[in-house]
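In: give me coordinates for this.
(2 chains)
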There are 2 protein chains.
Amino acid sequence: MMVDRSQLAEEDHPADDVEPAERLRADARENRTRIVEVARELFASEGIDVPMKVIARRAEVGMATLYRRFPTRQDLLAEVFTEQFAECATILETALAEPDPWTGLCAGVRGLTAMQAADHGFGAAFVQELPNTAVVQEKLEQGMHGFRQLVDRAQASGQLRPDVTFADLTLVLMANSGVVGHAGHLAPAASERLVAHLLNSFGTNAVERTPLPASVEISLPRVVFPDSG
Amino acid sequence: MMVDRSQLAEEDHPADDVEPAERLRADARENRTRIVEVARELFASEGIDVPMKVIARRAEVGMATLYRRFPTRQDLLAEVFTEQFAECATILETALAEPDPWTGLCAGVRGLTAMQAADHGFGAAFVQELPNTAVVQEKLEQGMHGFRQLVDRAQASGQLRPDVTFADLTLVLMANSGVVGHAGHLAPAASERLVAHLLNSFGTNAVERTPLPASVEISLPRVVFPDSG
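Out: Numbering: from 1, shown residues only, chains lettered A, B, ... in the order given. The predicted structure follows:
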């Protein structure tokens, strides 16, 4: 999936016939897309400190090209996180579209924490290292607004404990980042278990409890000594 | 509190009168005690990567003295963590002495997580960086044994959900380390709130729920941008 040629095909222009200027633009677009894809993968697998050199090599572009597209690491991070924020926005929209407020709240919490668990780079960044730009601030505001609505709805319906606050969401995300950071490949299952416990505490008696997902057998010594096998 | 002179006083030996060899031994003991105290404080406030040089300077001993007492950082860590394990052991003993199994389990969980919250170096080490020595392994085994008893007792009494496992304790400690790592000076209060939610989920209907401790207002943007004030 190097470049989207569908538009060219539609216009009946085989790639070889396009004019040099257009071809250049297509190459540039293709490079940009590949850089962002590679960066997202590497931020997720290696963390957001992965060297720019490694990103350039994996994306098969020169450092000059990389820096022409993204003058600083922050620019690249911002681009990648714009995609992540879009994913968050979709999760929250879907959750708000749920007719049952409790189901909606649970979907929102499960969706965001599952993103943290699936994507180590994003998980870390989500609670600490996002570039502090106007765009990021705005997206964060939007996300918080959506989440506040989920909380308010579920409290109005009597399904969410009245003493659970919006700040408890921050608590969930911080706690989940600890589990994700320590549980290795078991992160998604351990994260699900944690979230199930927290939602158990959040719901009132009006809410039917679902069984906990399976317990994740991470022994304490294995967490304490990750390299001892 | 540089040296414990109570024993000298008891034997009616004012410090000035002791023999040179004894005085040397007393100085050595004093140095050792001060190094361990300083190291514990610095591990807690700065994390366990604090340079040996900084520890020596703060303890007002030369590097040679420091290395004579503790040839490697691991030796110093082990000494400090021996004290921490003793504190854990006391918490677990007290918890097991509780006649009510649920009260005992809650005391154990709250005690260990409060230690994590109070002591950043220990919190980090507890889930990742303990020196992997025979002594540490043994203490860890003892601690786990105590905790297993707390879990078994509370399950036998019907107060702890039957589907809560010993592995959920690891989950609590991992989650708490995330909260402690991100909540800054609010760590103790945020940790208490997290633990209250988790214990809420752990208890059966046979358990009377206590009100949640106050919600801790850590806004998501403040966690995401810790330096933005």
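
In: run a quick neighbour tally on the closest residue to chain B within chain A.
Out: Closest to chain B within chain A is residue A:178: 2.1 Å, counting by CB to the nearest CB. Every residue, glycine included, has its C-beta placed from N, CA and C. Residues within reach of residue A:178, counting by other CB atoms under 10 Å in any protein chain shown, total 26.

In: what residues are bridge-paired with residue A:203?
Out: Here residue A:203 sits in beta bridges with residue A:160, going by DSSP bridges.

In: can you get me a residue count around it?
Out: For residue A:203, using other CB under 10 Å, the count is 20.

In: test my guess that residue A:62 contacts residue A:53.
Out: No. Using CB atoms under 8 Å, residue A:62 is not in contact with residue A:53; the gap is 10.6 Å.

In: what ranges do the helices span in chain A?
Out: A:6-10, A:20-46, A:52-59, A:63-69, A:73-97, A:101-118, A:120-124, A:134-156, A:167-182, A:187-202, A:220-224 (DSSP state H).

In: closest to residue B:204 out of those helices?
Out: helix A:187-202 (11.6 Å; CB to CB).

In: show me what contacts residue A:190?
Out: A:117, A:179-180, A:183, A:216, A:218, B:171, B:174 (CB atoms under 8 Å, 6 or more residues apart in numbering or on different chains).

In: closest to residue B:206 out of the residues you listed?
Out: residue B:171 (22.4 Å).

In: where does pLDDT dip in chain A?
Out: A:1-18, A:120-133, A:219, A:221-229 (pLDDT under 70).

In: and the closest residue to residue A:204 other than its chain neighbours, how far from residue A:151?
Out: Nearest residue to residue A:204, sequence neighbours excluded (CB to CB, 6 or more residues apart in numbering or on different chains): residue A:161, at 5.5 Å. Distance of residue A:161 to residue A:151, given as CB to CB, to the nearest Å: 11 Å.

In: again, but for residue A:118
Out: 24 Å.

In: kindly report the same for residue A:105.
Out: For residue A:105, the distance to residue A:151 equals 7 Å [CB to CB].

In: give me the common contacts of these two.
Out: In contact with both residue A:105 and residue A:151: residue A:160, using CB under 8 Å, 6+ apart.

In: who has more neighbours, those two?
Out: Taking other CB under 10 Å, residue A:105 and residue A:151 do not tie; residue A:105 has more neighbours (30 against 21).

In: just checking, the more buried one touches residue A:149?
Out: No. Using CB under 8 Å, residue A:105 is not in contact with residue A:149; the gap is 9.8 Å.

In: pretty sure residue A:206 is in contact with residue A:160, am I right?
Out: No. With contact defined as CB under 8 Å, residue A:206 does not count as touching residue A:160 (9.3 Å).

In: ok, the two, which is more surrounded?
Out: residue A:160 (24 against 10).

In: which residues touch the more buried one?
Out: A:101-102, A:105, A:151, A:154, A:202-204.

In: over to residue A:32?
Out: By CB under 8 Å, 6+ apart, the residues touching residue A:32 are residue A:69.

In: repeat that for 10 Å
Out: For residue A:32, the contact set (CB atoms under 10 Å, 6 or more residues apart in numbering or on different chains) comprises A:59, A:61, A:65-66, A:68-70, A:79.

In: also residue A:212?
Out: With CB under 10 Å, 6+ apart, residue A:212 has these contacts: A:192-193, A:196-197, A:200, B:161, B:163-165, B:168, B:201.

In: pull the most distant pair out of those residues.
Out: Longest span within the contacts of residue A:212, CB to CB: A:192 and B:161, 16.5 Å.

In: how far away is residue A:20 from residue A:62?
Out: Taking CB to CB, one finds residue A:20 at 20 Å from residue A:62.

In: so these two - more neighbours on which side?
Out: Using other CB under 10 Å as the criterion, residue A:20 and residue A:62 rank with residue A:62 on top: 12 against 7.

In: my guess is that one contacts residue A:69, does it?
Out: No. Contact criterion CB atoms under 10 Å: residue A:62 and residue A:69 do not qualify, at 11.0 Å.

In: residues that sit against both of those two, list them.
Out: residue A:31.

In: quick one: which of the contacts of residue A:212 is nearest residue A:49?
Out: Comparing these against residue A:49 with CB to CB places residue A:192 closest, at 27.4 Å.

In: just checking, that closest one touches residue A:113?
Out: Yes. Residue A:192 is within contact range of residue A:113, at 8.1 Å (criterion: CB under 10 Å).

In: more neighbours, the two?
Out: residue A:113 (25 against 20).

In: show me the contacts for that one.
Out: A:123, A:169, A:172-173, A:175-177, A:179-180, A:188, A:191-192, A:194-195, A:198.
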